[in-house]
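> Predicted coordinates and the sequence they were generated for:
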Amino acid sequence: MLHSALAILFYFLISTVHSVVLPPNIGTVVNLRIEGVTRTIFEGIVFTRGHNVTTASGGTHHCDGTNNNASPLPGPTMTSALDDAARIHKFDWDGTFFTEFDDFFITSIDGDTQTDTQFWGILLNFQFTPVGGCQQEVKTLDNALFAFDAFSKVHFLKLTGPNIAKVGKPVTLTVTDGLNNNAPVAGATVEGETTDANGQVTVIFTSAGVIQAKAEKDDSIRSNALVVVVAP
């Protein structure tokens, strides 16, 4: 009798779990980074969900992954994350809307505007998205990157290393190409030092504090910020 009762209870619990359907478009947090012409426009965590987006050039349109039937259910997207960050952190962006793709084509972010040869590119987890930003849905803690002049760059820099250092003690940081299987990148500059053939660089911090180190190279999109707490 006891075993039968437990079996019935177990079946009820399993049936209940499987019958629970999470509501679509509940939102999520992503790591959003926007690399402009000469500076990082924004880098940080953004909460986003799919929503209607309005631009000066494109008007108002939905931007929730169902664009152009890319996804059957609405959800947070690359462009919804951009739009939420712009709204919260007070910077502008613009994009034209193409009805044939049911999506925006980003033309400007915080004053960095496309030219005849330089355009904004969209990458998810260091890979170019196969669809537009309103079609491309994102998941929790995805790395969403909007990069100016992305299509002419050789490398998309990724900076890794320890998050804790001491004043006067050398630390080794590594620069790789996130787009190309994390291949090492030589000749990148980090905190005034240059990476070797293995993509490594030795840095000595001279004062205590919180450092946000970034790697840069003329033919590359600058890296993510590596936060290093430098102890006395």
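Noted; the coordinates are in hand.

> List phi and psi for the residue nearest in space to the middle of the chain.
Of all residues in the chain, the one closest to the mean position by C-alpha atoms, centre = their mean is Ala144, 1.8 Å from it. Torsion angles at Ala144 (phi, psi; degrees, to the nearest 10) stand at phi -100, psi 120.

> Make sure it is actually in contact with Leu124.
Yes. Here Ala144 lies in contact with Leu124, judged by C-beta atoms under 8 Å, at a distance of 6.1 Å. To be clear about C-beta, it is placed using only N, CA and C from the backbone, and glycine gets the same treatment.

> Give me the residues contacting stretch 143-155.
Counting contacts by C-beta atoms under 8 Å, 6 or more residues apart in numbering, the residues outside stretch 143-155 that touch it are 30-37, 78, 81-82, 106, 109, 112, 114, 117-126, 128, 138, 156, 177, 179-180, 185, 188, 217, 219-221, 224.

> Would you mind listing which of these are buried?
30-36, 78, 81-82, 106, 109, 112, 114, 119-124, 126, 138, 156, 177, 179, 185, 188, 217, 220-221, 224 (16 or more other C-beta atoms under 10 Å).

> Among those, which ones are in helices?
78, 81-82 (DSSP state H).

> what sits against Phe91?
Phe91 touches 41-42, 85, 109-110, counting by C-beta under 8 Å, 6+ apart.

> same question but for Ala70, I mixed them up
Per C-beta under 8 Å, 6+ apart, neighbours of Ala70: 131, 135-137.

> what do you get if the cut-off is 10 Å, keeping everything else the same?
Applying C-beta atoms under 10 Å, 6 or more residues apart in numbering, we find Ala70 in contact with 64, 77, 101-103, 130-132, 134-137.

> Next, give me the two most distant ones among the residues you listed.
Spatially, the most separated pair among those is Asp64 and Pro130, at 17.7 Å (C-beta to C-beta).
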